[in-house]
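J.: just need the structure, nothing else, for what follows:
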Amino acid sequence: MAAMENEFQDRQSSKLVRDNVHGSLYLEPLALKFIDTEQFQRLRDLKQLGLTNMVYPGAVHSRFEHSLGVYWLAGEAISKIKTYQGQELGIESFDVKTVKLAGLLHDIGHGPFSHMFESGFLPLVHSGAKWSHEDMSVRMIDYIVDEHNIEIDSDDLRRVKELIGSSSKHVEHNAAKEKLFLYDIVANGRTGIDVDKFDYIERDSRACGLGCNFHFERLMETMRVMGNEICYRASEYLTINKLFMTRADLHRTVYTHAKVKAMELMVVDALCKANAELGIVDSIQRPSEFWKLDDSILKKIETSDKPELKEAKDLISRIRRRDLYQFCNEYIVPKDQLENFKDVTPKDIVCSEKAGGVTLKEEDVAVVTVKIDLTNGRKNPLDRVSFFKDYESNEKFSIKADQLSNLLPTCYQDKIVRVYSKKPDLVAAVAEAFEEFQVKTYGKKKQVHATPEKKKRRVS
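T.: The predicted model follows:
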């Protein structure tokens, strides 16, 4: 009876919001203490997909609604496990509360334009220890608690931060932990199946106007904890495969779209040119300053009259006018060379240029290596997943792909080398140098077709 009264009181003091993906979401009092802070509200000004809305206009959703979605799904996942196995696993209200809060706060450490900031901009301007948004999320949580005097038990706080940090680099550290399966719900470093992906795959697909054939509800209904890990019915093998394939398809068609990448390259160049004046990189170790960074930094540069920001401002103006770095061509790295592949550099392209004609400089060329996999590098991600036969069985096992279908992939990673010309009138020269590089490296051209003549004829 006391438990029912507490649940009713929590519902009374909760807020109901309507989400366009999951429907009605209840936000509980402790979550609201974090949500109603300027640091969390900042997530409204971080687009979930960065610059993707410049190609897919509907992709304007933010990290804010994604975080609410992951909060809700984390709660649904732990509640289902508790309903069926709570007594067996010793799941307590402490576990439910901390898993949900980890889902809510897992992305609070993202910088402007999210992954572009972390993997595109920072490596060029930050020479210190590797920075990650997960680590900043942990530091930001401490900052919010201190800044807003949030009353939260120290054990709760410690667990929430541990759950957020449970990515692949922490798996070994987590291996000795009690209730290890809890660390697989929000950010699963063991199998790659987690509610973070459940939310963003469906949310991103909808926002971009794409269909989504993966339905996470089947996995949520059938999952079961065995041997301290979340396992799935063998009949759901192809559903899990669809999760990984849908994610890879989103990477190929949306996240790494050629024009999206062109704009990312330009914004990275703009931020690098503006860094000295704005002190962007100086804030990444200080949560008190970092939370002030969001996507509006482009508008700040664009509307500035400072001469120190002119070069950065000119690049942003080019984006606004669709005068983008020009995609010249691309090729897929052959399967037998994936393991020892070394990133191609602008210097490699420039040095492949034939004598005569335009003389290219390294600063005229941009090269991107797009890596798309199924979350497990060159290996089958389903080899990491444990399955069970039915709910009467207590045995977990792995399944090899060829036991189920001969139509499943045998290679699990793509590396795509893309080359851009930073100046429209150099497309022909860059494209030709890129072709020469391919011939020199592989003995033949690996690109599917030649760069269109119309693009080569374009002048600034």
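J.: tell me where the stretch 201-350 of the chain has helices.
T.: 216-222, 237-250, 258-278, 287-290, 297-302, 310-320, 346-350 (DSSP state H, counting those that start in this stretch).
J.: could I get those helices as JSON lines with distance to residue 57 and mean pLDDT?
T.: In this view, the C-beta of every residue, glycine as well, is placed from N, C-alpha and C. What follows is the helices of the stretch 201-350 of the chain, written out as JSON lines (distance: least, CB to CB, whole Å; pLDDT from 0 to 100):
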{"stretch": "helix 216-222", "distance to residue 57": "26", "mean pLDDT": "95"}
{"stretch": "helix 237-250", "distance to residue 57": "17", "mean pLDDT": "97"}
{"stretch": "helix 258-278", "distance to residue 57": "12", "mean pLDDT": "98"}
{"stretch": "helix 287-290", "distance to residue 57": "29", "mean pLDDT": "98"}
{"stretch": "helix 297-302", "distance to residue 57": "17", "mean pLDDT": "98"}
{"stretch": "helix 310-320", "distance to residue 57": "15", "mean pLDDT": "98"}
{"stretch": "helix 346-350", "distance to residue 57": "31", "mean pLDDT": "98"}
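J.: which one of these lies closest to residue 195?
T.: Closest to residue 195 of the helices of the stretch 201-350 of the chain, according to CB to CB: helix 216-222, at 7.8 Å.
J.: output that closest one as PDB - backbone C-alpha positions only.
T.: Output in PDB follows, covering the C-alpha atoms of helix 216-222 (Å, rounded to 0.1, in the frame of the first residue of the first chain):
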ATOM      1  CA  PHE A 216      12.400  -1.400 -30.900                       C
ATOM      2  CA  GLU A 217       9.200  -2.400 -29.100                       C
ATOM      3  CA  ARG A 218       9.700  -6.100 -30.000                       C
ATOM      4  CA  LEU A 219      13.100  -6.100 -28.400                       C
ATOM      5  CA  MET A 220      11.800  -4.200 -25.300                       C
ATOM      6  CA  GLU A 221       9.100  -6.800 -24.900                       C
ATOM      7  CA  THR A 222      11.300  -9.900 -25.300                       C
END
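J.: so which elements touch it?
T.: If you count contacts as 3 or more CB pairs under 8 Å, 6 or more residues apart in numbering; DSSP states H and E, helix 216-222 packs onto helix 63-89, helix 195-207, strand 229-233, helix 237-250.
J.: buried set for the first one?
T.: Residues of helix 63-89 classed as buried: 63-82, 86, 89 (neighbour count, 16 or more other CB atoms under 10 Å).
J.: about what we covered before: and residue 282, which of the helices and strands packed on helix 216-222 is closest to it?
T.: Closest among the helices and strands packed on helix 216-222, using CB to CB: helix 63-89, at 22.5 Å.
J.: could you dump the helices of the stretch 201-350 of the chain into a markdown table with distance to residue 32 and mean neighbour count added?
T.: Compiled in a markdown table, these are given as follows (distance: least, CB to CB, whole Å; neighbours: other CB atoms under 10 Å):
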| stretch | distance to residue 32 | mean neighbour count |
| --- | --- | --- |
| helix 216-222 | 25 | 15 |
| helix 237-250 | 31 | 19 |
| helix 258-278 | 33 | 21 |
| helix 287-290 | 21 | 17 |
| helix 297-302 | 28 | 18 |
| helix 310-320 | 36 | 17 |
| helix 346-350 | 49 | 19 |
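J.: adding distance to residue 205, write the ones you listed out as a markdown table.
T.: Below are the helices of the stretch 201-350 of the chain laid out as a markdown table (distance: least, CB to CB, whole Å):
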| stretch | distance to residue 205 |
| --- | --- |
| helix 216-222 | 12 |
| helix 237-250 | 7 |
| helix 258-278 | 16 |
| helix 287-290 | 30 |
| helix 297-302 | 26 |
| helix 310-320 | 25 |
| helix 346-350 | 34 |
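J.: Serialize the helices and strands packed on helix 216-222 to CSV and add fields for distance to residue 275.
T.: Listed next are these as CSV, based on distance: least, CB to CB, whole Å:
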stretch, distance to residue 275
helix 63-89, 23
helix 195-207, 29
strand 229-233, 42
helix 237-250, 30
